[in-house]
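Enquirer: what follows is a predicted protein model with its sequence.
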Amino acid sequence: MLLKSLKPFPIILRCLLATVSLLSTFLKLLHEWEDKEKRKTVIISVIGQGGLRMMDFEIMNKALKIAWIKRITEHVHPAWQLIPDFHAAKYDGLSFLTECQYDIKHLSLDNLPPFYRALLMHWQE
């Protein structure tokens, strides 16, 4: 019984190795592609158009950071909110900054942790 179950293994292994080899070759070619915009288009395009249908991580990262805006503006004051509010105290807290129209370039947010700085930059877009 054990021998019968191992019989198709070499075929599966060969298919797997061929797939890995093909994918490895494709990724090498993709990595060597000079035009980053075209490379990104190939990665996120649908398979029917010659793409890989992968997630656009840049957009996903922005979406996840913007999702934090709701948590910041709820005014529940959990412990984690003390950090950004302390660093943005001269602007009346991070919650206040999310409700205002401003150009982030004109604010001095150097002491604000990078996550919250990026959050405000994405929120402004």
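Expert: Sure, I can see it. Residues are numbered from 1 along each chain as shown.

Enquirer: what segments of this protein are strands?
Expert: Under the criterion DSSP state E, the chain carries no strands.

Enquirer: mind giving me the domain split of it?
Expert: Domain segmentation of the chain under automatic domain parsing yields 2-54, 58-124.

Enquirer: what mean pLDDT does the first one have?
Expert: If you average the pLDDT over domain 2-54, you get 70.

Enquirer: how about Gly51, nearest residue that isn't a chain neighbour?
Expert: Spatial nearest neighbour of Gly51, chain neighbours left out: Ser45 (2.6 Å); criterion: Cβ to Cβ, 6 or more residues apart in numbering. From N, CA and C alone the C-beta is placed, and that goes for glycine too.

Enquirer: ok, now Leu107?
Expert: Of all residues apart from its sequence neighbours, Tyr91 sits closest to Leu107 (Cβ to Cβ, 6+ apart), at 6.7 Å.

Enquirer: may I have the phi/psi pair for the residue nearest to Gly51?
Expert: Phi and psi for Ser45, reported as degrees, to the nearest 10, are phi -70, psi 160.

Enquirer: if we can go back for a sec, thought the residue nearest to Leu107 was touching Ile104?
Expert: No. Using Cβ atoms under 8 Å, Tyr91 makes no contact with Ile104, being 10.8 Å away.
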